[in-house]
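*Asks:* starting from these lines, generate the structure:
(chains A and B)
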There are 2 protein chains.
Amino acid sequence: MRLITEDILEDIALGAAVLGTGGGGDPYIGKLMARQAIRDYGPIELYTLDELDDDDLVVPTAMMGAPTVMVEKMPNGDDIVNAFQAVGKYLGKPIRATMSIEAGGLNSVVPMYCAARLRMPMVDCDGMGRAFPEIQMVTHTIHGISATPFALSDERGNTVIMETIDNLWTERFARSVTVDMGAMAMLAAYPATAAELREAAVPGTITQAERIGQTIRRARVQEENPVETVRQAVGGYEVFRGKIGDVQRRTEAGFAKGDAYIEGIDDYAGRKLQLSFQNEHLAVRIDGEFKVTVPDLIAVLDIDTGEPITTEGLRYGFRVVVIAFPCTPKWRTPKGLELVGPRYFGYDVDYVPVEERYG
Amino acid sequence: MRLITEDILEDIALGAAVLGTGGGGDPYIGKLMARQAIRDYGPIELYTLDELDDDDLVVPTAMMGAPTVMVEKMPNGDDIVNAFQAVGKYLGKPIRATMSIEAGGLNSVVPMYCAARLRMPMVDCDGMGRAFPEIQMVTHTIHGISATPFALSDERGNTVIMETIDNLWTERFARSVTVDMGAMAMLAAYPATAAELREAAVPGTITQAERIGQTIRRARVQEENPVETVRQAVGGYEVFRGKIGDVQRRTEAGFAKGDAYIEGIDDYAGRKLQLSFQNEHLAVRIDGEFKVTVPDLIAVLDIDTGEPITTEGLRYGFRVVVIAFPCTPKWRTPKGLELVGPRYFGYDVDYVPVEERYG
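*Replies:* Below is the predicted model:
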């Protein structure tokens, strides 16, 4: 067990935003929320999965919805606690801890707010090792863990609890209810024991995010090349350098979907990259050819600061470096690729691991 | 207490279909379901509200969705029981009985299926004295009773439970989830004690439906004028006689909405009636002028048999008599009219009680 204190929050939020591949929520809002919670309720106990008893029940908490909305509508905190407590009440069992369902600027720290306020530990793991847009897209699903009881709460005081026959049905209902709640809601779901999570979860994500964030921060101070530092910290590959031209977006069924077109500079001059996203970056095409796809991670970094840019932050004129890096091996299994491979998202192309193309 | 046996079911379903004002579900499917349940599990105990103890908890059960879908997709029964038991489990309290939330060919008998299968009484009352399309449109709402915990279940085994800040939010979430469930779902909601229901419910609806159904059946046997018999049985007024011309329908947000245009015959020759519906008949305009509106009841009867025609049964060429009759006085209060008056449904006209125009 170690403590998450105010001074390491910024590193975690920044590093998690890199792992969030453009999604997982705005790191600025996430950081503010968690900081306030730590100031009000004290530091958060961060446990590894091995430090918990086999039967300890863990319930992840997260934000759900279109990140475009999130920027304007901040969660009020009661919504997170309501969702979390609704699952506990429904199960009629004590819950030992919370965790992140995904890595992301916001969704890595939402559980910290919940943990701080309820004076409860958080576990150093998540269900993706990155961020994905849909509810069923977690390593829990690969291991047969049900998303339900699944609770969604809004800032008004409404709560909806689902019990479904599979995790795809949870996604369907939860998406509609989230849209009704204003395209954003807070969720608690995927209750599982520590023993189950040792098989099913991606361990150490918070620590990994902290390490990445720390590296970026130090690089800035020491005036190194921050983009290169990030690339090395995540074990990734440079895919493109360019200037964002057109960005086309639509909010569709509660998702922020769209494409950004980036015109190459330096070594990439004369080439064009198309970046497709659905809350998260999903696929990179260069001159029409697929180069990187889900489940591997894509990060768009500010060329000067190395800061990751979220999908809703993509703007005309930004000069960026696109990097890509390998996903957790769990996603490269047949079951994993069925859940989050390129074909699930409608791309008629086989998955090729990023290191096979760039390694 | 008296018993509902197979031989009176048909009368109840038929009479309830008249009170259903075109909605409340298909009486044929309702009758089949309840009959099978009585054959399998025995007759149903029907209690009056006065026969229950003050604290006895009653939870209504019903079908929700577009009746157009209902015709093709029959509930499997487990869905009703799942919704009902989800509310009981969520409350953590024993439930004494079920009841109808509305009068209607199907929704008067859905609770009978639930009661028979769980060997539990049904109460002779409902929450409308007719049928209405939206969840908050019950006399319970006038009296401040919450719709939640509100459970929706589908035939696959999915259940969604809501706890909302008001009954309009329940309607919003439940409508989306019903659409996801295939535009039809079974619900259990509005838990209330017998003491509360003595204030808030419309008493005696099942007995009233049975009496209307009996009257129609006897009129047929005795070769009387069945339309006139129905009109007298409900204390109503003849509004129009004609032939259905055009019927325009659309399934919108899980509702069956539309208008039927009826060309006058006999005394009404040369005049034209526009009947607007949203699951239920809502308003009658004759030659462009509003003549009857919600919350008063409108029934479209087959000119020869006196059978009520549901909104989804309206067809070109049918010869019909349109009758109208007064709603329960609860709906004529300011709170009642706010919930279900013509302006709520978008008609820019004040409510005029049907007996003031036709009495």
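
*Asks:* quick one: name whatever helix or strand follows the lowest-mean-pLDDT helix or strand in chain A.
*Replies:* Confidence across the helices and strands of chain A bottoms out at helix A:67-70, with a mean of 62, counting by mean pLDDT, DSSP states H and E. Scanning forward in sequence from helix A:67-70 by DSSP states H and E, the next helix or strand is helix A:78-91.

*Asks:* pLDDT on that next one, on average?
*Replies:* Here helix A:78-91 scores 96 as its mean pLDDT.

*Asks:* that helix - contacts with which helices or strands?
*Replies:* strand A:61-65, helix A:110-117, strand A:150-153, strand A:159-163, strand A:184-188 (3 or more C-beta pairs under 8 Å, 6 or more residues apart in numbering or on different chains; DSSP states H and E). For the C-beta atoms, the positions are set from N, CA and C on the backbone; glycine is no exception.

*Asks:* change it to 10 Å
*Replies:* With contacts taken as 3 or more C-beta pairs under 10 Å, 6 or more residues apart in numbering or on different chains; DSSP states H and E, helix A:78-91 sits against strand A:57-58, strand A:61-65, helix A:110-117, strand A:150-153, strand A:159-163, strand A:184-188, helix B:78-91, strand B:159-163.

*Asks:* which residues are in contact with the residue in the stretch 51-200 of chain A that chain B sits nearest to?
*Replies:* Proximity of the stretch 51-200 of chain A to chain B (C-beta to the nearest C-beta) peaks at A:S176, 3.8 Å away. Applying C-beta atoms under 10 Å, 6 or more residues apart in numbering or on different chains, we find A:S176 in contact with A:V160, A:A253, A:G254, B:V160, B:F173, B:R175, B:S176, B:V177, B:T178, B:V179, B:D180.

*Asks:* state the three-state secondary structure for A:T141.
*Replies:* helix (DSSP: H, G, I helix; E, B strand; the rest coil).

*Asks:* sorry, back to before: put together CSV for the contacts of A:S176, with distance to A:G313 on each row.
*Replies:* Shown next, in CSV, are the contacts of A:S176 (distance: C-beta to C-beta, whole Å):
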residue, distance to A:G313
A:V160, 30
A:A253, 22
A:G254, 19
B:V160, 34
B:F173, 31
B:R175, 34
B:S176, 30
B:V177, 33
B:T178, 37
B:V179, 33
B:D180, 31
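
*Asks:* among those, which one lies nearest to B:E210?
*Replies:* B:T178 (29.3 Å; C-beta to C-beta).

*Asks:* so which helix or strand takes in the residue of the stretch 51-200 of chain A closest to chain B?
*Replies:* helix A:167-180.

*Asks:* and that helix with strand A:184-188, angle?
*Replies:* 140 degrees (axes from the mean of the first three to the mean of the last three C-alpha atoms, to 10 degrees).

*Asks:* next, the buried residues of helix A:167-180.
*Replies:* A:167, A:169-180 (16 or more other C-beta atoms under 10 Å in any protein chain shown).

*Asks:* with stretch A:42-53 instead?
*Replies:* Buried, per 16+ other C-beta under 10 Å, within stretch A:42-53: A:I44, A:E45, A:L46, A:Y47, A:T48, A:L49, A:L52.

*Asks:* repeat for stretch A:348-355
*Replies:* A:Y351, A:V354.

*Asks:* returning to what we had before: any chance of the helices and strands packed on helix A:78-91 in CSV, plus distance to B:T61?
*Replies:* Converted to CSV, the helices and strands packed on helix A:78-91 look like this (distance: least, C-beta to C-beta, whole Å):
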stretch, distance to B:T61
strand A:57-58, 32
strand A:61-65, 30
helix A:110-117, 35
strand A:150-153, 24
strand A:159-163, 18
strand A:184-188, 28
helix B:78-91, 5
strand B:159-163, 13
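
*Asks:* how about JSON lines for these, with mean neighbour count and distance to B:G317 added?
*Replies:* As requested, the helices and strands packed on helix A:78-91 are exported to JSON lines (neighbours: other C-beta atoms under 10 Å in any protein chain shown; distance: least, C-beta to C-beta, whole Å):
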{"stretch": "strand A:57-58", "mean neighbour count": "22", "distance to B:G317": "63"}
{"stretch": "strand A:61-65", "mean neighbour count": "28", "distance to B:G317": "49"}
{"stretch": "helix A:110-117", "mean neighbour count": "27", "distance to B:G317": "60"}
{"stretch": "strand A:150-153", "mean neighbour count": "28", "distance to B:G317": "48"}
{"stretch": "strand A:159-163", "mean neighbour count": "27", "distance to B:G317": "45"}
{"stretch": "strand A:184-188", "mean neighbour count": "29", "distance to B:G317": "49"}
{"stretch": "helix B:78-91", "mean neighbour count": "21", "distance to B:G317": "36"}
{"stretch": "strand B:159-163", "mean neighbour count": "27", "distance to B:G317": "41"}
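
*Asks:* so which of those gets nearest B:G22?
*Replies:* helix B:78-91 (22.7 Å).

*Asks:* could you dump the closest one to PDB, C-alpha only?
*Replies:* These are the backbone C-alpha positions of helix B:78-91, laid out as PDB (Å, rounded to 0.1, in the frame of the first residue of the first chain):
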ATOM      1  CA  ASP B  78     -41.000 -14.500 -17.200                       C
ATOM      2  CA  ASP B  79     -40.500 -10.800 -18.000                       C
ATOM      3  CA  ILE B  80     -43.500  -9.800 -16.000                       C
ATOM      4  CA  VAL B  81     -42.400 -11.900 -13.000                       C
ATOM      5  CA  ASN B  82     -38.800 -10.600 -13.300                       C
ATOM      6  CA  ALA B  83     -39.900  -7.000 -13.200                       C
ATOM      7  CA  PHE B  84     -42.200  -7.600 -10.300                       C
ATOM      8  CA  GLN B  85     -39.600  -9.500  -8.300                       C
ATOM      9  CA  ALA B  86     -36.900  -6.900  -9.000                       C
ATOM     10  CA  VAL B  87     -39.000  -4.200  -7.300                       C
ATOM     11  CA  GLY B  88     -39.500  -6.500  -4.300                       C
ATOM     12  CA  LYS B  89     -35.900  -7.400  -4.100                       C
ATOM     13  CA  TYR B  90     -34.800  -3.800  -4.400                       C
ATOM     14  CA  LEU B  91     -37.200  -2.600  -1.700                       C
END
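
*Asks:* quick one, that helix and helix B:110-117 angle?
*Replies:* Going by the same axes, to 10 degrees, helix B:78-91 makes 80 degrees with helix B:110-117.

*Asks:* from the chain's centroid, how far away is helix B:78-91?
*Replies:* 21 Å (C-alpha atoms, centre = their mean, to the nearest Å).

*Asks:* could you check the angle strand A:159-163 makes with that helix?
*Replies:* Going by the same axes, to 10 degrees, helix B:78-91 makes 130 degrees with strand A:159-163.

*Asks:* orientation of helix B:78-91 relative to strand B:61-65 in degrees?
*Replies:* Helix B:78-91 and strand B:61-65 are oriented at 120 degrees to each other (the same axes, to 10 degrees).

*Asks:* how about the residues of chain A that lie near chain B?
*Replies:* Residues of chain A lying close to chain B by C-beta under 10 Å from any C-beta of the partner chain are A:82, A:86, A:89-90, A:92, A:148-154, A:156-166, A:169-170, A:172-181.

*Asks:* circling back: which one of the buried residues of helix A:167-180 sits closest to A:A195?
*Replies:* A:N167 (20.1 Å).

*Asks:* so how far is A:C114 from that closest one?
*Replies:* Computed as C-beta to C-beta, to the nearest Å, the A:N167 to A:C114 distance reads 22 Å.

*Asks:* A:P27 now?
*Replies:* A:P27 is 18 Å from A:C114, by C-beta to C-beta.

*Asks:* what of A:V294?
*Replies:* 28 Å.

*Asks:* again, but for A:V59
*Replies:* From A:V59 to A:C114 the distance is 9 Å (C-beta to C-beta).

*Asks:* which neighbours do these two share?
*Replies:* A:A83, A:F84, A:Q85, A:A97, A:T98, A:M99, A:M120, A:A188.

*Asks:* what's around the fourth one, how many residues?
*Replies:* Each residue near A:A97 was counted by other C-beta atoms under 10 Å in any protein chain shown, and the total is 24.

*Asks:* please name the bridge partners of it.
*Replies:* A:V58 (DSSP bridges).
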